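Enquirer: Predicted structure and sequence below. I'll ask about it afterward.
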Amino acid sequence: MTTITRQQIEQRERQMLAPCAALSAESRGREYPQKPHPLRTDFQRDRDRIIHSAAFRRLEYKTQVFIPHEQDHFRTRLTHTIEVAQIGRTIARSLRLNEDLTEAIALVHDLGHTPFGHCGEHVLDRLLKHAGGFNHNRQSLRVVDYLEQRYPEHPGLNLTYEVREGIIKHETSVSIQVPGFDRHPQPTLEAALVDIADEIAYNSHDIDDGLASGLITLDDLRHTAFWTALGLDQTDRAVKLNPDQRRYALVRTLLNRLASDVISQTARNLADRNITTLNQVRSATHKMCAYPECTADAVRDLKHFLMNRLYRHEHLLSLAGWAEKIIESLFSKFSEQPHHMPLRFQEMLLTERPEIVIADYIAGMTDRYAERTWARLVH
């Protein structure tokens with residue numbers, strides 16, 4: 001039996017991927033140059049480095065929407081990340097884009113998230129308002145460039161430019177400018193499709209978890225505009241399904257519809273604009289990875305529903321207040337008594353602003369570690 005080499009994988013990419021895909025052999029490289037691996041491409045090595053990082057493992061105990069210990073079946077930040085990677089690879093494969101780069105960006109995109117979900121991020125952003133604020137995308141880059149210390153040869157994970165670009169240009173309400181990244185309006189298609197795969201994942205699984213929790217019901221969904229627009233009403237026609245099976249069928253229908261629509265519309269956008277190179281992708285004035293307009297309208301309605309009926313539910317808001325208290329108390333404690341932080345973070349205080357170091361430490365905590373530390377030092 002013969003093994004497949006890195007060069008053979010790279011050649012296969014040239015033959016099989018779309019002309020506008022990002023090729024691993026043409027990566028812009030790493031900040032600290034390294035000898036290529038004989039069996040794995042640069043993007044495959046990035047994926048493996050991310051999976052083996054401590055920050056990735058900690059996602060298992062970080063909140064997505066529901067506090068993980070409320071129930072074993074709710075999504076965590078880790079299971080969300082895996083779902084994003086799966087959806088991203090499906091879309092990338094259909095469009096003949098680079099699956100390995102897509103997967104690496106999907107796996108890394110939430111490494112900088114705080115404990116207690118977006119609530120934790122909002123609290124740290126407020127506490128750091130005089131130090132540039134806090135943003136989980138910027139923190140994800142800080143994690144892979146600096147905070148992960150696994151190699152003696154260089155700081156961080158030393159990921160490729162394309163994966164790090166996917167972190168910085170991950171679409172959020174906050175625009176991030178980082179020296180060293182070009183000013184082209186668009187990233188690679190692989191990075192762009194991870195943005196939309198992220199949205200597909202959380203819209204779908206938040207409905208699933210919301211129904212499982214009882215905070216929203218099928219009757220709530222049946223009275224929305226997106227119910228019929230996205231074809232979710234067809235799940236009501238299978239009369240023999242039990243409640244759990246009906247919920248699973250609904251989520252499958254939603255995932256399939258959204259992913260299929262993204263694939264068809266993205267292919268249409270590329271063809272209509274005659275985009276055949278990566279440089280053309282980067283210079284495009286509009287996003288290529290997108291829903292058809294009718295689907296985009298339905299998704300906006302779906303997100304509005306989730307915001308008003310689930311994320312702002314009094315049960316989740318009460319948990320958010322509790323999480324805010326923990327993070328504020330820990331931040332205050334470490335500000336007054338930094339010796340309670342691990343030695344490495346104490347050493348960082350010699351060269352970094354104290355509030356940045358404290359945010360690094362708290363952002364890296366899991367929900368349960370933050371709770372235990374708060375109970376031990378503050379409560």
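Expert: Alright, I've got the coordinates.
Enquirer: burial count for the closest residue in space to residue 273 that isn't next to it in sequence?
Expert: Nearest non-adjacent residue to residue 273, counting by CB to CB, 6 or more residues apart in numbering: residue 284, 6.9 Å away. To be clear about C-beta, it is placed using only N, CA and C from the backbone, and glycine gets the same treatment. A total of 19 residues lie near residue 284 under the criterion other CB atoms under 10 Å.
Enquirer: Let me see the contact set for residue 284.
Expert: By CB atoms under 8 Å, 6 or more residues apart in numbering, residue 284 lies in contact with 185, 186, 273, 275.
Enquirer: and these, which are buried?
Expert: Neighbour counting with 16 or more other CB atoms under 10 Å marks 186, 275 as buried within the contacts of residue 284.
Enquirer: Strands of the stretch 51-200 of the chain, residue ranges please.
Expert: Along the stretch 51-200 of the chain, no stretch is classed among the strands by DSSP state E, counting those that start in this stretch.
Enquirer: circling back to that earlier point, how about the contacts of residue 284 in CSV, adding pLDDT and distance to residue 137?
Expert: Shown next, in CSV, are the contacts of residue 284 (pLDDT from 0 to 100; distance: CB to CB, whole Å):
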residue, pLDDT, distance to residue 137
185, 81, 17
186, 90, 16
273, 95, 27
275, 95, 26
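Enquirer: In terms of pLDDT, where does residue 263 sit?
Expert: Turning to residue 263, the model gives it a pLDDT of 98.
Enquirer: Surely it and residue 94 touch.
Expert: Yes: with contact defined as CB atoms under 8 Å, residue 263 and residue 94 form a contacting pair (4.7 Å).
Enquirer: Who has more neighbours out of those two?
Expert: Regarding residue 263 and residue 94, a neighbour count based on other CB under 10 Å identifies residue 263 as having more, with 18 against 15.
Enquirer: host element of that one?
Expert: Following DSSP states H and E, the helix or strand that holds residue 263 is helix 243-272.
Enquirer: Tell me which helix or strand comes right after that helix.
Expert: Scanning onward from helix 243-272 (DSSP H and E), the first element met is helix 278-283.
Enquirer: what's the angle from the very next helix or strand once past that following helix to helix 243-272?
Expert: Towards the C-terminus, the helix or strand next in line after helix 278-283, according to DSSP H and E, is helix 293-306. Here the directions of helix 293-306 and helix 243-272 differ by 140 degrees (axes from the mean of the first three to the mean of the last three CA atoms, to 10 degrees).
Enquirer: Now the element after helix 293-306, going C-ward?
Expert: Elements were assigned by DSSP H and E; along the chain past helix 293-306, the next helix or strand is helix 314-336.
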